[in-house]
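Asker: Got a predicted structure plus its sequence, pasted below:
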Amino acid sequence: MFITFEGVEGAGKSTAIRGVAASLEARGAKVLLTREPGGSGLGRELRRLLLGTSMDLDPLAELCLFLADRAQHVARIIRPALARGEIVLCDRYADSTIAYQGFARGLDVERLVTLNDIATGSLVPDLTLVLDLPVEEGLARVAARRADAGADEEGRIDAETVSFHEAVRRGFHRIAADEPGRVRLIDSRPPKETVLAACLAEIDRPGLFSA
Ligand code: Z5A
């Protein structure tokens, strides 16, 4: 079982994915919690380059680094875990490339679909939960978290304009509309416990989860 979590900055993906992992483990499932970029050894190096502010990346170079991260992650981490019968929960995956590099950066979406297919060897999630809330609310959550942590520097992509993040959100809405069987929109404005319950309700839909 392969489940991915997507959404705009600060939508609550990392919070929800930890809650889902704990809930599934409590039912006796073996869970791998991972993320993109950065779910493999190579990915951790690429994450530093992709999200740090020191590099002025061309959009195509940025795309290639996300795809390299994904190819290594799928081949070396995700597929082996699925073959062991584990449930893989992944914080961002191929839909982020469509939303960020396609809808927001303006790269051709059809070609991105093909490149994702190549990078993943056609590995498509069984379920994708898009945590959805207005961009300004997500950015405010991230700013509050940064202030709590005493950090002052934004990541390279966090620092993009509000209209960039709004294009990302439109991208996720389009993906959800195009693939209603795989992709479910979760309203992430309510409290964390409500969002977690909504995620678990989707995972427990008949026919999906049988552990
Ligand atoms: N990217 C890309 O461009 N192309 C790609 O192909 C891929 C990724 C794979 C990864 O950043 C970046 O890479 C990302 C897209 C791009 N853009 N940026 N920057 P990341 O992994 O560092 O960050 P992120 O994925 O955007 O996550 P995030 O900003 O940390 O947000 P989150 O995981 O969705 O939210 P959270 O950490 O769970 O919650 C944020 C705060 O809100 C936190 O203080 C929580 O306690 C709080 N929170 C969470 N839920 C709630 C609710 N329900 N109510 C109130 N407060 C809440």
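Answerer: Thanks, I have the structure now.
Asker: Need the three-state assignment for Thr34.
Answerer: The three-state assignment at Thr34 reads strand, by DSSP: H, G, I helix; E, B strand; the rest coil.
Asker: Can you get me a residue count around it?
Answerer: Thr34 is flanked by 20 other residues according to other Cβ atoms under 10 Å. Glycine gets a C-beta too; all of them are placed from N, C-alpha and C.
Asker: these two touch, right, Ala68 and Glu45?
Answerer: No - contact criterion Cβ atoms under 8 Å: Ala68 and Glu45 do not qualify, at 10.1 Å.
Asker: Could you name the helices and strands sitting against the helix or strand containing Thr4?
Answerer: If you go by DSSP states H and E, Thr4 is part of strand 2-7. When contacts are defined as 3 or more Cβ pairs under 8 Å, 6 or more residues apart in numbering; DSSP states H and E, strand 2-7 packs onto helix 13-26, strand 87-91, helix 94-96, strand 127-132, helix 162-178.
Asker: ok, how many other residues are close to the residue nearest to Ser14 when sequence neighbours are not counted?
Answerer: Using Cβ to Cβ, 6 or more residues apart in numbering and skipping residues adjacent in sequence, the residue nearest Ser14 is Asp91, 5.9 Å away. By other Cβ under 10 Å, 20 other residues sit near Asp91.
Asker: does Asp91 really touch Thr15, like I thought?
Answerer: No - contact criterion Cβ under 8 Å: Asp91 and Thr15 do not qualify, at 10.2 Å.
Asker: three-state assignment of Gly181?
Answerer: Put simply, Gly181 is coil when judged by three-state DSSP.
Asker: Number of residues surrounding it?
Answerer: Neighbourhood size, Gly181 [other Cβ under 10 Å]: 6.
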